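Engineer: only geometry, no sequence info:
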């Protein structure tokens, strides 16, 4: 249990001026329709006070969240869980580099708690500045090939930073070998292993310790050439795949803990992956002093996250919007779709924020979409159509979202009765474009 929260100390005049200037610039950015302003505002603030991040973090109980996939959703769940204890500063809309972290802390100067999403490449620098009370490590997999390069390099960078700075606790996914490697220099008493049930494994086939082969089994994983193996988790997610969904198509599971009865978790968000996120949040919330039943109930109120999972009416159909940015994310998003034969729109761009190289499409298991009608849209829709053809998925293409949804709803037949519901999976810039189309404000979206 943690002590009662206290108000962070008042930062010096220079820092207060930097925060004010950043807010002014951020407000101007929003008024002119250039975005939320958190990134540009944070950049201005840091230019005026390079030590601002450390000063704004001082006196708070801060928990950092990092990983390739699920950072924004996990941070939103963590903010809800910590919100049962007091006010929480958070960047749960996704501005996750140093400027976005600064903007989040500056927007809530009196919050005693902070739940901060951190880009994988920024975890070390932010750790050094913030001195967090906890770190949640979700997963590591390939992202944009021209952005993060070799995922092993990210794991090694994490390992060096965690070994040097020793934050505690480190809440780590025991089922991801690269996360286990990254946390390997953390003292045993400072790391809490969580069993989440696995997920994307293609980027962890090689042992980061000896370059041998990682063998996966139902009860864990181990290297065939050395002693590197899955640690025994202290906390464990248990999911009955035959159980009914939770609220509004959400997910339900049980989190077993070292002491005390299991904690039931019922989310408004879909997917086993979000239950895994929630399990790791519960560990962080427990170390912050939260009542776990209260924390679980608070997480269940989160219905959308920065537009993800929301339902919008497009071309007369109800469209549930999912974001996926890389092969691991697409695998999870496909698993969240409503049952077949619900038609699906898949949208792919290849702008700078997405990564210019779309060759990763060949690593996505689109074969799981067989039995559905799929419409490919976005700037690289024809690349996606080729992949769908080889996956033997019935598909068509359309240049714009409304046309794609209308075509999907009628399953390619203009004379057919349109489906009432359509699934949408889009990569980053396509998703942002569609949020602009349908409107960014919705209930539950921080």
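Structural biologist: In hand now; what should we look at? Here the structure is a predicted model, which is why all the values come from computation and not from measurement.
Engineer: so which helix or strand takes in the closest residue to residue 377 other than its chain neighbours?
Structural biologist: Closest residue to residue 377 apart from its sequence neighbours, by Cβ to Cβ, 6 or more residues apart in numbering: residue 404 at 4.0 Å. For glycine as for every other residue, the C-beta is placed from the backbone atoms N, C-alpha and C. Under the criterion of DSSP states H and E, residue 404 resides in helix 401-409.
Engineer: same deal with residue 156?
Structural biologist: Counting by DSSP H and E, residue 156 is found in helix 151-165.
Engineer: quick one: low-confidence ranges for the stretch 151-300 of the chain?
Structural biologist: 241-249 (pLDDT under 70).
Engineer: Tell me where it has strands.
Structural biologist: For the stretch 151-300 of the chain, applying DSSP state E, counting those that start in this stretch gives strands covering 170-173, 191-195, 214-217, 220-223, 235-238, 252-256, 263-266.
Engineer: right, and residue 214 touches residue 222 too?
Structural biologist: Yes - Residue 214 lies in contact with residue 222 (Cβ atoms under 8 Å); the separation is 7.3 Å.
Engineer: quick one: contacts for residue 439?
Structural biologist: residue 312 (Cβ atoms under 8 Å, 6 or more residues apart in numbering).
Engineer: circling back to that earlier point, how many other residues sit next to the residue nearest to residue 377?
Structural biologist: By the criterion of other Cβ atoms under 10 Å, residue 404 has 28 neighbours.
Engineer: ok, so what distance separates it from residue 423?
Structural biologist: Per Cβ to Cβ, to the nearest Å, residue 404 is found 12 Å from residue 423.
Engineer: Overlap in contacts, these two.
Structural biologist: Joint contacts of residue 404 and residue 423 (Cβ under 8 Å, 6+ apart) are residue 345.
Engineer: distance between the helix holding residue 156 and the chain's centre?
Structural biologist: 19 Å (Cα atoms, centre = their mean, to the nearest Å).
Engineer: name the helices or strands packed onto it?
Structural biologist: Helices and strands touching helix 151-165, as assessed by 3 or more Cβ pairs under 8 Å, 6 or more residues apart in numbering; DSSP states H and E, comprise helix 123-130, helix 177-182.
Engineer: and if we set it to 10 Å?
Structural biologist: Where contact means 3 or more Cβ pairs under 10 Å, 6 or more residues apart in numbering; DSSP states H and E, helix 151-165 is packed against helix 123-130, strand 134-137, strand 170-173, helix 177-182.
Engineer: circling back: what's the mean pLDDT across the helix holding residue 404?
Structural biologist: Helix 401-409 carries an average pLDDT of 96.
Engineer: Identify the neighbouring strands of the next helix or strand after that helix in the sheet and state each direction.
Structural biologist: Stepping forward along the backbone from helix 401-409, the first helix or strand reached (DSSP H and E) is strand 421-426. Partner strands and pairing direction for strand 421-426 (DSSP bridges) are strand 317-323 (parallel), strand 344-347 (parallel).
Engineer: Mean pLDDT and mean neighbour count added to those, as a markdown table?
Structural biologist: Converted to a markdown table, the strands paired with strand 421-426 look like this (pLDDT from 0 to 100; neighbours: other Cβ atoms under 10 Å):
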| stretch | mean pLDDT | mean neighbour count |
| --- | --- | --- |
| strand 317-323 | 95 | 21 |
| strand 344-347 | 98 | 29 |
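Engineer: Thanks a lot, catch you later.
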